[in-house]
Structures are given as C-alpha cells and as structure tokens.
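S.K.: when you get a sec, could you give me coordinates for this:
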Amino acid sequence: MVRKLRSVPETGEIVIGKIIRVNPFSAQVQLDEYPNIEGSIHISEVARSWIKDIRTFAKEGQQVAALVLKVEADKNRVDLSLKRVSKNEADAKLKSIKNEQRTEKFLEIAAKEIGSDLNKAYKEAGFKLQEEFGSLTEGFRISIEPQGKELLLKKGIPQKWVDAIASVAEKVLEEKEVDLKVKLEITSYAPNGVQIIKNALLEIEKKGIDVKYISAPKYSLSLKTKNAKKSERVLRETCEAVVKKIEQGGGKASFVLVK
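M.R.: So this is what the prediction gives:
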C-alpha cells in the first residue's frame, strides 16, 4: 500500500478498508492506507434505511469505502460512516488508490535512475509531493507541464528528484485527449441582440473553443484537450463571463457541462 506522510486520516476523508469483525451494533474496519488504524462503524452509520441485522449490510472480509467522522489519534482509531459515501465517491477513491499504487512504482523507477531507493524517495520527495499536490500522481503529472519543474522546485523538491521524476513522467504519463462539451443557451432582448450574441460567441472562439449552433437559443461548445482539469476550468470561466455579460445587458444565458 502507498505510504502516507500522516499516520492517521483526517475528519471528512474517504478511506478504504476491510471489515475484520462484525458485532451486533458495529463493524470494525482495518484501513488500507493507515495500517495501524482500526475504524469503527456504528450500526446507525451502516445504511440509510432501518437495519434489523447489521450482517445484512456488513460482512467480514468485505472491502468498503467509508467517511471519517471522528479521529482519536491517541487510541489509533476512528469513527466511520458507510451511508454517507456515494457510489461515485467510492469508485473515485478506489481509482485514486490504484493511480497512487501505479505512481509509487514510477517513484521507485525515478529513485533507481539516481542511485537511490524508495525509502529515500519518499523522505526526500514523495511525502512532499503528497503534502503540496495532494498525491504522488498529481505531482508527477505537474512535473511535465510547462513550468512544472520550476513549480516542484519552489515547493521544496530537490533538483535531482525533480529531474528524475519529470524524466520518468515523460515516458509513462501519456495523457489521452478528451473532448469537453458544454450546452449553452443565450437569449438577448436588446434591439441589437443578434450582434450581441455573435460577439459573445466570438469571444468564446478566441479561447480555442469550438462553437456549434443547434437551434435558438441553444449552442454546443467543445474543447479537445489533454489537460482536462485545466481546460474544464477555462470552459467554466469563459461561460461564466459570457453569462454575466449577457445578463448585464438584460438578456438570459445559462450553461451546463456535459459529462
């Protein structure tokens, strides 16, 4: 399991673990990312519906995603909730862990490139990547962005590790192109409303966003990119600016990102 800078989780964090004991009114969970921590799920936090028998929902050996409600660091235990974690959140957490496990292998490769090992890699760079960027995976991804290496240096990652991480990331992190789409509706009641809408759409196209007319007042926007996170932010900010401008002129506008 990927190592963590912190020895205990934080309140509000989603964690993955395995149920090791089921009692009449609670289930005990061994946390994957925090091996010295045992979590407890009270029967009231197992499911949203009324529960007659906790074993209907919690079984020994079952892998679960749970929300941390309370942390007792001195006792190495936490209170958890199953019912407060959605399926999407659970799936995202599992995907995140798999990505981190994969990236840990890349960190070990980077260590070997400079004659080091995984223990030193974590002490000198890995934990810092987690602290500054939230995960090893995000740190590796940033390292191959424009000015990414400079950002890692500013965050305190030593030069030798920045170079090694970026070198490995360039070889293994080939980002797939995605097509982000937005549904946009614009209506203007001004005498020159048609021109106002045309100008708004031109401003959108200047950002490299493709605009297609569907039927008044609907438009489809699309942006192909290899950096989905950054491009989604650009799309949102651009659409928000258009909506604000149209509404200031007495018109109506709205948009929704198509998942």
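S.K.: now the top helix by length along the chain: buried residues?
M.R.: Ranked by number of residues, the top helix in the chain under DSSP state H is helix 87-113. If you call a residue buried by 16 or more other CB atoms under 10 Å, then helix 87-113 has these buried ones: 90, 93, 96-97, 99-100, 103-104, 106-111. For every residue, glycine as well, the C-beta is placed using N, CA and C.
S.K.: so which elements touch whichever helix or strand comes after it?
M.R.: Later in the chain than helix 87-113, the nearest helix or strand by DSSP states H and E is helix 118-121. The contact analysis (3 or more CB pairs under 8 Å, 6 or more residues apart in numbering; DSSP states H and E) places helix 118-121 against helix 87-113.
S.K.: and the nearest residue to residue 179 once chain neighbours are set aside, how far from residue 180?
M.R.: The shortest distance from residue 179 to any non-neighbouring residue, by CB to CB, 6 or more residues apart in numbering, is to residue 224 (5.1 Å). As judged by CB to CB, to the nearest Å, residue 224 and residue 180 stand 8 Å apart.
S.K.: the two: which is more packed in?
M.R.: residue 180 (19 against 12; other CB atoms under 10 Å).
S.K.: that one contacts residue 235, correct?
M.R.: Yes: contact criterion CB atoms under 8 Å: residue 180 and residue 235 qualify, at 5.8 Å.
S.K.: what touches both of these two?
M.R.: 223, 257 (CB atoms under 8 Å, 6 or more residues apart in numbering).
S.K.: how distant is the helix or strand of the chain with the lowest mean pLDDT from the center of its chain?
M.R.: When each helix and strand of the chain is scored by mean pLDDT, DSSP states H and E, helix 228-248 comes last, with a mean of 88. Centroid separation for helix 228-248 versus its chain: 21 Å, with CA atoms, centre = their mean, to the nearest Å.
S.K.: other SSEs contacting that helix?
M.R.: Taking 3+ CB pairs under 8 Å, 6+ apart as the contact cut, helix 228-248 packs with strand 178-187, helix 193-205, strand 218-225, strand 252-258.
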